[in-house]
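Undergrad: Provided below are the primary sequence and the corresponding predicted coordinates.
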Amino acid sequence: MKGSIKANFRIVNILMVVIVYITTIALYGKVIDTNNIFSIKNIILLLIFIFISFVLNSILIKMITFPLKRIEKNMRMVSNGKVNEPKHIEEYGKLKEIRDFVDAYMSMFEVIQKNSFDLTGQQSKTEIILEHMADGVVAFNVSHQVIHINKSALRLLALDSTYDTFEKITKRLKISLDFDKIMYLPNYKTIEAKITVGGNSLNIVFVPFFSDKLTPMGVIMMVRNITENVKLDNLRKEFVSNVSHELKTPLTSIKGYSETMMNGDLTYAEVQKFSKVINQEANRMDRLVADLLQLSRFDYKKVSWKKMMFSLDDLAQSVCDKMKIQADQKGHKLECIVSSKPPQVYADRDAIERVIINIVSNSIKYTPDGGVITVYVGYVNSNAYFKVVDNGIGIPAKDLDRIFERFYRVDKARSRKAGGTGLGLSIVKEMIEGNNGTIEIKSQVNKGTEVIVTLPTKIDTKK
Ligand SMILES: Nc1ncnc2c1ncn2[C@@H]1O[C@H](COP(=O)(O)OP(=O)(O)OP(=O)(O)O)[C@@H](O)[C@H]1O
Ligand SMILES: [Mg+2]
């Protein structure tokens, strides 16, 4: 049977009427005029049959097609997105078969709705991740058009929405790559490029992406900011070169002088002089290696602080006393002034002693003979502080930011002559931070330098 339920019912109806009519004639010959089948009486009877049958038929058709029509309308509204879910659909199912159909439809709808929620959730999750990723992501379709670009990519690559194709973007970034080769050639699958945009070093990787059936769908471009890594790498290289250089200088002297001594024919005074130089250079190397080992212990967190409560003013005073001879040699006036007696500090006493020695010895080294170096001790808020002030050569503003870097020296030659390696302040900084203190340097060229260190006065629970 083809066509609509209604048409089919009509045909069945007509057949039924004819069958019923014939049966009635056969069975009830008395009621119906069998001599003349088309008599007025028979025709009226037939019309009554047809009428009753049509009424019954229409009721039946309505019972079946009306709910089906409503259900269909409802389904269309759902599929067109006009409503979110089928409404009052259960009400139409008066007949068992229709009810079963509605139930089946409803459970199918629930499954579809759940899958669609899952899909939407998944999509929005992916979108949120993409948008908040530190790495840039750009997706191109097979026609080389940008189909997605996240905020990080726009920022890192300094692009705007006018850059909407693979060619425009790669041209702007000065990367020469063939889109189709990335997408179709297996040995072209991953392409990396390193570029610099707006002071940032970027690592860019191009990868093709595929549909389930492994049909290429486009190319994804991943952008990673590797500025920090590049900086660290440069620092590492610089560090190795600095260490080699610092070791090479004293080694060259030791080698030269020892070879001269080995050749003999030297006066006692010369031997004395050369031995002294060798000893100084060896000491210098010893200090350098000790400082490097100390820094490496900080790096590997192998330093355990022996924190205790102690008097900062007493410690500062004793350091000044110890360094007086050194200061006197350069004609400096070194004194310790306790501005306000601070409460005891909680720190590693030996480490803080090294810190004060380091800072005061810098002042002694970098202040022309006959200078004034003062160590002030006091407290502000709940912190104790000490401040070393000198009237020496000072540090240019441009160098102040880098002064705590390993091997950083304003004037390499001057520092080396003074026996320095440029590691002192980097060790000081590690020590202060390890003891929960702070360090700050203020300086003016040819006027002097002020180094301020604060230390906690309360026992902390940190190690
Ligand atoms: N009080 C100061 N006055 C002027 N310059 C200073 C002063 N303190 C430090 N500097 C500058 O900072 C640089 C770094 O100091 P740091 O103590 O780290 O190294 P150093 O003194 O050269 O060597 P080291 O301390 O390892 O023997 C010094 O080379 C110097 O140029
Ligand atoms: Mg120093």
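TA: That came through fine. Ligands and ions are numbered 1, 2, ... in the order given.

Undergrad: Which residue, neighbours along the chain excluded, lies closest to His332?
TA: Gly371 (4.8 Å; C-beta to C-beta, 6 or more residues apart in numbering). C-beta: built from backbone N, CA, C; applies to glycine.

Undergrad: Quickly note the distance from that neighbour to Ser363.
TA: To Ser363, Gly371 is 8 Å away according to C-beta to C-beta, to the nearest Å.

Undergrad: For the residue of the stretch 101-250 of the chain at minimum distance from ligand 1, what are phi and psi?
TA: Using C-beta to the nearest ligand atom, the closest approach of the stretch 101-250 of the chain to ligand 1 is made by Glu246 at 9.7 Å. Reported as degrees, to the nearest 10, the phi and psi values for Glu246 are phi -60, psi -30.

Undergrad: for it, what are its contacts?
TA: 288, 407, 421 (C-beta atoms under 8 Å, 6 or more residues apart in numbering).

Undergrad: Just give me the closest of those residues to ligand 1.
TA: Nearest to ligand 1 among these, counting by C-beta to the nearest ligand atom, is Thr421 at 4.1 Å.

Undergrad: Now do the lowest-mean-pLDDT helix or strand in the chain: which elements does it pack against?
TA: Ranked by mean pLDDT, DSSP states H and E, the weakest helix or strand in the chain is helix 5-27, scoring a mean of 72. For helix 5-27, the packing partners by 3 or more C-beta pairs under 8 Å, 6 or more residues apart in numbering; DSSP states H and E come out as helix 40-79.

Undergrad: how many other residues sit next to the residue of the stretch 251-400 of the chain found nearest ligand 2?
TA: Residue nearest to ligand 2 within the stretch 251-400 of the chain (C-beta to the ion): Asn362, separated by 4.3 Å. Look at Asn362: counted by other C-beta atoms under 10 Å, it has 25 neighbours.

Undergrad: While we're on it, how confident is the model there?
TA: Per-residue pLDDT puts Asn362 at 96.

Undergrad: Please, which helix or strand holds it?
TA: Using DSSP states H and E, Asn362 falls within helix 349-365.

Undergrad: Quick check: closest non-adjacent residue to whichever residue of the chain sits closest to ligand 2.
TA: Here the residue of the chain nearest ligand 2 is Gly424; by C-beta to the ion that distance is 2.8 Å. Computed as C-beta to C-beta, 6+ apart, the closest residue to Gly424 that is not its neighbour in sequence is Asn358, at 4.8 Å.

Undergrad: how many neighbours does that neighbour have?
TA: Using other C-beta under 10 Å: Asn358 sits among 17 other residues.

Undergrad: How much space separates the residue nearest the centre of the chain from Asn229?
TA: Residue closest to the average C-alpha location in the chain (C-alpha atoms, centre = their mean): Ala134, at 4.3 Å. Using C-beta to C-beta, we find Ala134 at a distance of 13 Å from Asn229.

Undergrad: Going along the chain, name the helices of the stretch 151-300 of the chain.
TA: All helices of the stretch 151-300 of the chain, identified by DSSP state H, counting those that start in this stretch, fall at 151-157, 166-172, 179-184, 227-262, 268-299.

Undergrad: which of those helices is buried the deepest?
TA: helix 151-157 (a mean of 19; mean count of other C-beta atoms under 10 Å).

Undergrad: Within range of ligand 1, give me the residues from the stretch 251-400 of the chain.
TA: Contact residues (C-beta under 6 Å from any ligand atom) of the stretch 251-400 of the chain with ligand 1: 362-363, 366, 390, 392-395.

Undergrad: and Val138, what does it touch?
TA: Here Val138 is in contact with 146, 148-150, 153, 157, 169, 220-221, 223 (C-beta under 8 Å, 6+ apart).

Undergrad: what's the neighbour count on the residue in the chain that ligand 1 sits nearest to?
TA: In the chain, the residue that lies nearest ligand 1 is Gly424 (2.1 Å; C-beta to the nearest ligand atom). By the criterion of other C-beta under 10 Å, Gly424 has 22 neighbours.

Undergrad: For it, give me its contacts.
TA: Applying C-beta under 8 Å, 6+ apart to Gly424 gives the contacts 291, 358, 361-362.

Undergrad: Make a markdown table from those and add distance to Ala351 to it.
TA: Below are the contacts of Gly424 laid out as a markdown table (distance: C-beta to C-beta, whole Å):
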| residue | distance to Ala351 |
| --- | --- |
| Asp291 | 14 |
| Asn358 | 11 |
| Ser361 | 16 |
| Asn362 | 17 |
